[in-house]
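Enquirer: sequence below, structure please.
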Amino acid sequence: MIRKTKLFMDTAIEVKVVPGPNAVNIERKIERAFDAFRKVEEACSRFHPNSELMLACAQINQSISVSPFLFEPLRFAWELASLTNGVFDPTVGGLMEKYGFNMHYLTRNRIERPYDLDVTYRDVTLNDADRTLCLNKPMIIDLGAVAKGFAIDIAVNELKEMEGFIINAGGDLYAGGKDEQGAPWKIGIQHPVEKDQMIAVLSVTDEAVCTSGSYERPSETSADVHHLIHPITRQSPNEWFSCTVIAPYAMMADAFSTASFFLSTESAKDFISQEDLKAIFISSNLELVTVGECNFRE
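Expert: You can find the predicted model right below:
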């Protein structure tokens, strides 16, 4: 098995490949898979003032033409915002910066800029026909719940001819084909309290697995806030320790795991079932709640 790791998007990106006997140009394809993360980070980063997203956010009441690397995650995020009536809302970026989630992971510099907190996804116009974005108020758009998954999906396209592979971006991943033994890949879900242990192990093939959890990134400015902030209540919910979603592609798993985190038990189960996805939720009392036919062991 070939293993390589690089740092992008504040995350160690690990690629594992089981090439198979007919694979060609393996190293070049792995490098192109990593390059997908570089391109998406340059387009979608909230932490770089010269990213395509931040340059667009600096222009109010103007239609800005943007690249597919920015428009595709924007479009998916806005579709999910509409589907959830704003429970999932990428305009939450200003609120995240208010709570201290504004430090660049390489430079450690904090970003300070003006924004309006009284905004929603309805204050943005996207035009599919000419791939433009128009902000009607000053705001900070955060694509953290879709951009990493989008990069994984592009990278998958580079490795799809391999016999087996995993693209793992800090626990959000896609597992293609089979492992070295010809079996489905085994994917552990971290125990939210005993962090050196797994609370469940999934068996997956040709599926994405993404998790949103409350236990990794607390706010440095407010003790009861973590990086998952409900756009409507403006609080960090604590009904779940984590929400793991299994989906056909990573951007979907990524976004739906975040949206599920903001929902009650029954609403989250209905939300996942309606899209024919699968999920494992870990409640605040460490109960496992499953949706769909998840192939896993505790």
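Enquirer: for the chain, which helix is longest?
Expert: The longest helix of the chain (DSSP state H) is helix 26-44.
Enquirer: and residue 293, helix, strand or coil?
Expert: Classification of residue 293 using DSSP: H, G, I helix; E, B strand; the rest coil returns coil.
Enquirer: check residue 273 too.
Expert: From three-state DSSP, the assignment for residue 273 is helix.
Enquirer: now residue 87. Nearest residue, chain neighbours left out?
Expert: residue 262 (5.0 Å; CB to CB, 6 or more residues apart in numbering). For the C-beta atoms, the positions are set from N, CA and C on the backbone; glycine is no exception.
Enquirer: one step back: quick check: buried residues in the longest helix of the chain?
Expert: Neighbour counts using 16 or more other CB atoms under 10 Å place 29-30, 33-37, 39-44 of helix 26-44 among the buried residues.
Enquirer: save those residues as CSV, and put in distance to residue 64 and pLDDT too.
Expert: As requested, these are arranged in CSV below (distance: CB to CB, whole Å; pLDDT from 0 to 100):
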residue, distance to residue 64, pLDDT
29, 33, 96
30, 33, 97
33, 29, 98
34, 28, 98
35, 24, 97
36, 23, 98
37, 23, 98
39, 18, 97
40, 18, 98
41, 19, 96
42, 16, 97
43, 13, 97
44, 14, 97
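Enquirer: list just the nearest of those residues to residue 17.
Expert: If you rank the buried residues of helix 26-44 by distance to residue 17 using CB to CB, residue 30 comes first, at 6.4 Å.
Enquirer: what are the ranges of the helices in this structure?
Expert: Listed in chain order, the helices of the chain (DSSP H) span 26-44, 52-57, 68-83, 93-98, 147-159, 250-261, 265-274.
Enquirer: to residue 288, which of those lies closest?
Expert: Once the helices of the chain are compared by CB to CB, helix 265-274 is nearest, at 12.0 Å.
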